[in-house]
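Chemist: Give me coordinates for this.
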Amino acid sequence: PPSGHKVAVIGAGPAGLTVAYYLAKKGHAVTVFDAQPAAGGMARYGIPSYRVPLEVIDDEVAEVEKLGVEFRFASKIESIDELFAGGYEAVFIGVGCQGGDRLGIPGDDLPWVVDSPTFLRAATMGLVNTPDSPISTGDRVTVIGGGNVATDNARSSRRLSAHTVDMVYRRTRDEMPARDEEVEGCLAEGVNLRFLLAPKKIEPGPNGAGRLRITYARMQLGEPDASGRRRPVEVAGSEFQEDVDLLIAAVGQHPRKHEGFGVTTDNRGRIAVREDSLLTSRPGVYAGGDCVLGPSTLIESVAHGRIAAAAIDRQLGGDGDISEKLLPDGWETSPRIGREEGFNRRRKIHPIMLEPARRSGWDEVERGFDDDQARAEAARCLKCNLAPAIAEAVLPPEAWLEFNEPSVAAASTESGVFQLLDADKNVVMIKGVENLRAGLQEQLARGSVARHFVFEEAPLYTSRESQLIQAYLQQYGKMPGGGGDELDDRF
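Modeler: Residues are numbered from 1 along each chain as shown. As a prediction, the model looks like this:
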């Protein structure tokens, strides 16, 4: 039944649609505002339709519309104050990552240099190579970047009739963040992958050669950087120039700042939220998806939408329960996993792909599985649903003993070596003694910081002590307990 509460959603992307869907199911009146002419957000305007067909997005939007959600397209919201003044009691911001990062080199603001989100949005709207469009591919396109988004730009450029498309990356293929299947798609569709190159400067092209002239430097890999990948280092004296018609920068994205939203953002423009509810710094205003996470996946945005929908429902007096029954009773798999010979050697079944010769248009490339393939792939199921039901393994008794009088009194009186450990099980002393019990009692009387101990009998206790200290020193690079004058002199 209708709750009598109104909610505004800014952005009809995956996060916004998810919020609208669940809040409408809870009886709230939801209005979705979007600056674009159709719903889908980055799923429609940032992912080419050969990957996510438009009819799939339209079907998802139709499911939301069936619940009575109102959509207002070509409606850019500049002020949240106006929404609250209009009677909305809660607002969700899901505006995505619409801004493209620049290359940060001279000439990166010239005409015919375009960022990735701008190019892909124009491509999906049919605004590339049209008379009124400021974006045209010309004969040769260069894409700078090595991620999945870079492959989207390169493959889209080929579909938009660019004769030569180069994808330039400053490291090697081994370091590329793009998925293997996306890279293979580029190669199958005639994209040139060029490695160990970095642009240094962009200039207007000379007449008749190309719209732009790019100065490149060759690179070589040095030591690993913070990402764990080897850092590209410029090769001295390796600069050269090439002419292109369009340069696409696919080196990162960021949310555009909206001063009228009145919410706290970080230095990249991402909206700061509470992790448990996605509430922003402003009461009644929530945010999620790429405008919070930065460039992410569709499923991460959907997950954010669920968190926000539950939190908004609670704010409006509901129970916040948006759980659904998605499977019929009796679906559970057998709890017996058992053993199947060769299971770990079964290879992933790759879906049927559209033949490269037929990829000149925007038809979906990944066609799915036939019946046999689907059954073979399903047979690789790891039964992850059983994970929550698996009891913790019974561990063997701990080897160390409590460092107290009863435990020490039960220790051997033979010669040997004992180790004292602090509360965090860090070794603070390794010592060989003629009488283990007496040696431990001596340390106990001294008020050692130790809380646990272990010991072993060893007739040649001084030799065994040396072995254990040498092993500790080799593993940790320091003496047990920080060392001492006697141990420092010996080791």
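
Chemist: At which residues are the helices of the stretch 301-450 of the chain located?
Modeler: 371-378, 405-409, 436-445 (DSSP state H, counting those that start in this stretch).

Chemist: helices or strands up against the shortest one?
Modeler: The elements that helix 405-409 packs onto, with contact taken as 3 or more Cβ pairs under 8 Å, 6 or more residues apart in numbering; DSSP states H and E, are helix 436-445. In this view, the C-beta of every residue, glycine as well, is placed from N, C-alpha and C.

Chemist: What lies in contact with the very next helix or strand once past the helix it packs on?
Modeler: Moving toward the C-terminus from helix 436-445, the next helix or strand (DSSP states H and E) is strand 452-457. By Cβ atoms under 8 Å, 6 or more residues apart in numbering, the surrounding residues in contact with strand 452-457 are 399-403, 407-408, 411-412, 414-422, 425, 436, 440, 464.

Chemist: Next, the angle from the helix or strand just after strand 452-457 to strand 452-457.
Modeler: The helix or strand immediately downstream of strand 452-457 is helix 461-476, counting by DSSP H and E. Here the directions of helix 461-476 and strand 452-457 differ by 130 degrees (axes from the mean of the first three to the mean of the last three Cα atoms, to 10 degrees).

Chemist: quick one: helix 461-476 to helix 436-445, angle?
Modeler: 60 degrees.

Chemist: now helix 461-476: how far from the chain's centre is it?
Modeler: When distances are taken as Cα atoms, centre = their mean, to the nearest Å, helix 461-476 is centred 44 Å away from the chain's centroid.

Chemist: Please shift the residue numbers so they start at 630 in all later answers.
Modeler: All set: I'll call the first residue 630, so the last point we hit is now helix 1090-1105.

Chemist: Could I get the CA-only coordinates of that helix as PDB?
Modeler: The C-alpha coordinates for helix 1090-1105 follow below in PDB (Å, rounded to 0.1, in the frame of the first residue of the first chain):
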ATOM      1  CA  TYR A1090      71.500 -27.600  24.900                       C
ATOM      2  CA  THR A1091      74.000 -24.800  24.100                       C
ATOM      3  CA  SER A1092      74.300 -26.100  20.500                       C
ATOM      4  CA  ARG A1093      70.500 -26.300  20.200                       C
ATOM      5  CA  GLU A1094      70.100 -22.800  21.600                       C
ATOM      6  CA  SER A1095      72.400 -21.500  18.900                       C
ATOM      7  CA  GLN A1096      70.500 -23.300  16.200                       C
ATOM      8  CA  LEU A1097      67.200 -21.800  17.300                       C
ATOM      9  CA  ILE A1098      68.500 -18.300  17.700                       C
ATOM     10  CA  GLN A1099      70.200 -18.400  14.200                       C
ATOM     11  CA  ALA A1100      66.900 -19.700  12.700                       C
ATOM     12  CA  TYR A1101      65.000 -16.800  14.400                       C
ATOM     13  CA  LEU A1102      67.500 -14.300  13.300                       C
ATOM     14  CA  GLN A1103      67.400 -15.500   9.700                       C
ATOM     15  CA  GLN A1104      63.600 -15.400   9.600                       C
ATOM     16  CA  TYR A1105      63.000 -12.100  11.400                       C
END
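
Chemist: Need the contact partners of it.
Modeler: 1044-1046, 1048, 1056, 1059-1063, 1085, 1087, 1108-1109, 1116, 1119-1120.

Chemist: Quick one: mean pLDDT over that helix.
Modeler: Averaged over helix 1090-1105, pLDDT sits at 86.

Chemist: Show me what counts as buried in that helix.
Modeler: Buried residues in helix 1090-1105, defined by neighbour count with 16 or more other Cβ atoms under 10 Å: 1090, 1093-1095, 1097-1098, 1101.

Chemist: Not counting sequence-adjacent ones, nearest residue to the one residue sitting closest to the centre of the chain?
Modeler: Residue closest to the average C-alpha location in the chain (Cα atoms, centre = their mean): S925, at 5.9 Å. Excluding the flanking residues, the one nearest S925 by Cβ to Cβ, 6 or more residues apart in numbering is D919, at 5.7 Å.

Chemist: So the one you found is in contact with A672, correct?
Modeler: No - with contact defined as Cβ atoms under 8 Å, D919 does not count as touching A672 (10.7 Å).

Chemist: Comparing those two, which shows the higher neighbour count?
Modeler: D919 (29 against 22; other Cβ atoms under 10 Å).

Chemist: contact partners of the lengthiest strand in the chain?
Modeler: What stands out as the longest strand in the chain, according to DSSP state E, is strand 841-853. With contact meaning Cβ under 8 Å, 6+ apart, strand 841-853 is reached by 736, 739, 741-742, 771, 797, 799-801, 804, 825-835, 859-864, 867-876.

Chemist: From these, list just the buried residues.
Modeler: 736, 741-742, 771, 797, 799-801, 804, 825-828, 830-831, 834, 859, 861, 871-876.

Chemist: Go through those residues and flag which are in helices.
Modeler: Members of these lying in helices (criterion: DSSP state H): none.

Chemist: Any regions of the stretch 780-929 of the chain where pLDDT drops low?
Modeler: For the stretch 780-929 of the chain, no stretch is flagged by pLDDT under 70.

Chemist: quick revisit: between D919 and A672, which contacts overlap?
Modeler: What both D919 and A672 touch, as defined by Cβ under 8 Å, 6+ apart, is the set G642.

Chemist: which residues of the stretch 680-829 of the chain fall in helices?
Modeler: Under DSSP H, counting those that start in this stretch, the stretch 680-829 of the chain gives helices at 683-694, 709-714, 745-753, 777-788, 809-817.

Chemist: and the direction of the fourth one versus that of helix 745-753, what angle?
Modeler: Which is helix 777-788. Going by the same axes, to 10 degrees, helix 777-788 makes 40 degrees with helix 745-753.

Chemist: repeat for the last one
Modeler: On the basis of the same axes, to 10 degrees, helix 809-817 is oriented at 60 degrees to helix 745-753.

Chemist: Buried residues, helix 809-817. List them.
Modeler: So helix 809-817, judged by 16+ other Cβ under 10 Å, has buried residues 811-812, 814-815, 817.

Chemist: So for D992, which of the helices of the stretch 680-829 of the chain sits nearest?
Modeler: D992 sits nearest to helix 777-788 of all the helices of the stretch 680-829 of the chain, at 10.0 Å, using Cβ to Cβ.

Chemist: Show me which residues of that closest one are buried.
Modeler: Per 16+ other Cβ under 10 Å, helix 777-788 contains these buried residues: 777-788.

Chemist: now the strands: where do they sit in the stretch 930-1079 of the chain?
Modeler: In the stretch 930-1079 of the chain, the strands defined using DSSP state E, counting those that start in this stretch lie at 981-982, 995-997, 1030-1031, 1045-1050, 1056-1062.

Chemist: residues in contact with the last one?
Modeler: Around strand 1056-1062, the neighbours that count as contacts under Cβ under 8 Å, 6+ apart are 1044-1051, 1068, 1072, 1077-1079, 1087, 1090-1091, 1093-1094, 1097-1098, 1101, 1109-1110.

Chemist: what about Q665, distance to E804?
Modeler: Shown here: Q665 relative to E804, a distance of 35 Å by Cβ to Cβ, to the nearest Å.

Chemist: hey, C-alpha coordinates of stretch 890-906 in CSV?
Modeler: Output in CSV follows, covering the C-alpha atoms of stretch 890-906 (Å, rounded to 0.1, in the frame of the first residue of the first chain):
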residue,chain,number,x,y,z
PHE,A,890,24.0,19.2,-3.8
GLY,A,891,25.6,20.5,-0.6
VAL,A,892,27.4,17.2,0.3
THR,A,893,31.0,16.5,1.3
THR,A,894,33.3,15.1,-1.4
ASP,A,895,36.9,14.0,-1.5
ASN,A,896,39.6,15.6,-3.7
ARG,A,897,38.5,13.5,-6.6
GLY,A,898,34.9,14.6,-6.4
ARG,A,899,33.6,11.3,-4.9
ILE,A,900,30.8,11.8,-2.4
ALA,A,901,31.6,10.8,1.2
VAL,A,902,29.1,8.5,2.7
ARG,A,903,28.6,6.2,5.7
GLU,A,904,29.4,2.7,4.7
ASP,A,905,26.4,1.1,6.5
SER,A,906,23.7,3.3,5.1
